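Engineer: give me coordinates for this.
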Amino acid sequence: DRLERRCLGVRREDTRVTIDDEVTTGAGHRIEHRRTVRTDGGAITVDEEVVIPGELDDLPRVGIVLEVVPGLEGLAWFGTGPHETYPDRKRSGIVGIHRSTVTDQTVPYIRPQENGGHADVRWLELSDGAGRSLRISMDTPSQVSATHLRAADLATATHVGELVPRAKTIVHIDAAHRGLGTASCGPDTLPAYRIAPGTYLWTWRLETP
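Structural biologist: Presented below is the predicted three-dimensional model:
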């Protein structure tokens, strides 16, 4: 939760920009991140590459987070739902197009924790009911969430009553997401649902439908 980012270089080529970053953790571990941004027909396509070093063998997630301007409260997604689902907790989810609101995605656990996630999402759409909308599409089904809370808001609160929803919508797109077991009140997550070191590649697309 104390990542520091340093830009190593930027390369431009026609409608493509590649950004190389070095991300270090509070413990000094080094993570390589390359992002290539392409514009095509009014849409923005982003190719992500992250290299996780060997000493980081049990991360909570590998992905990106976006903060979207206030007002786009309507939510639709094509993936598992309608309730929250995760890599190791998704058999009860139905794959289809689901509709809700960003506010209703927050699950009021007594002790705040990760919530509102949906597994195997192909696209996510935010709208305001008055004609404004934003669609985020993934090249492969991904773990996605859209709430009014940052990860830091959940981490610093000790009771659900301490949470203050933000006006913006916080969107997580995860190429890999750890299973839910933590051994706090039962068995830990099975090895198959933990995040191993290595190279992670994913692509997402931002457009107005």
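Engineer: pairing partners for the spatially most central residue of the chain in the sheet, please.
Structural biologist: When Cα atoms, centre = their mean is applied to the chain, the residue found nearest the centroid is His172 (2.0 Å). In this entry, His172 is beta-bridged to Val65, Ser145, by DSSP bridges.
Engineer: quick one, what contacts it?
Structural biologist: His172 makes contact with 61, 63-65, 117, 143-146, 151, according to Cβ atoms under 8 Å, 6 or more residues apart in numbering. From N, CA and C alone the C-beta is placed, and that goes for glycine too.
Engineer: what do you get if the cut-off is 7 Å, keeping everything else the same?
Structural biologist: By Cβ atoms under 7 Å, 6 or more residues apart in numbering, the contact set of His172 is 63, 65, 144-145.
Engineer: among the residues you listed, which ones are buried?
Structural biologist: The neighbour-count test (16 or more other Cβ atoms under 10 Å) marks 63, 144-145 as buried among the contacts of His172.
Engineer: so what's the residue count around the residue lying closest to Gly81 once chain neighbours are set aside?
Structural biologist: Using Cβ to Cβ, 6 or more residues apart in numbering and skipping the chain neighbours, the partner closest in space to Gly81 is His98 (3.6 Å). By the criterion of other Cβ atoms under 10 Å, His98 has 18 neighbours.
Engineer: next one: Ala183
Structural biologist: Neighbour count for Ala183, taken as other Cβ under 10 Å: 8.
Engineer: show me what contacts it?
Structural biologist: Residues counted as contacts of Ala183 (Cβ under 7 Å, 6+ apart): none.
Engineer: what do you get for Cys7?
Structural biologist: Residues in contact with Cys7 (Cβ under 7 Å, 6+ apart) are 19, 21.
Engineer: host element of it?
Structural biologist: Assessed by DSSP states H and E, Cys7 sits inside strand 4-13.
Engineer: what does Asp20 give?
Structural biologist: Using DSSP H and E, Asp20 falls in strand 16-24.
Engineer: now for the residue nearest to Ala152 when sequence neighbours are not counted, how many residues are close by?
Structural biologist: Using Cβ to Cβ, 6+ apart and skipping residues adjacent in sequence, the residue nearest Ala152 is Asp1, 7.0 Å away. Using other Cβ under 10 Å, Asp1 has 9 neighbouring residues.
Engineer: and Gln113, by the same measure?
Structural biologist: 14.
Engineer: can you pull the phi/psi pair for it?
Structural biologist: Note on Gln113: backbone dihedrals following degrees, to the nearest 10 are phi -160, psi 180.
Engineer: got phi/psi on the spatially closest residue to it that is not a sequence neighbour?
Structural biologist: Once flanking residues are discounted, Gln113 sits nearest to Leu154: 6.1 Å by Cβ to Cβ, 6+ apart. The phi/psi pair for Leu154 (degrees, to the nearest 10) reads phi -70, psi -40.
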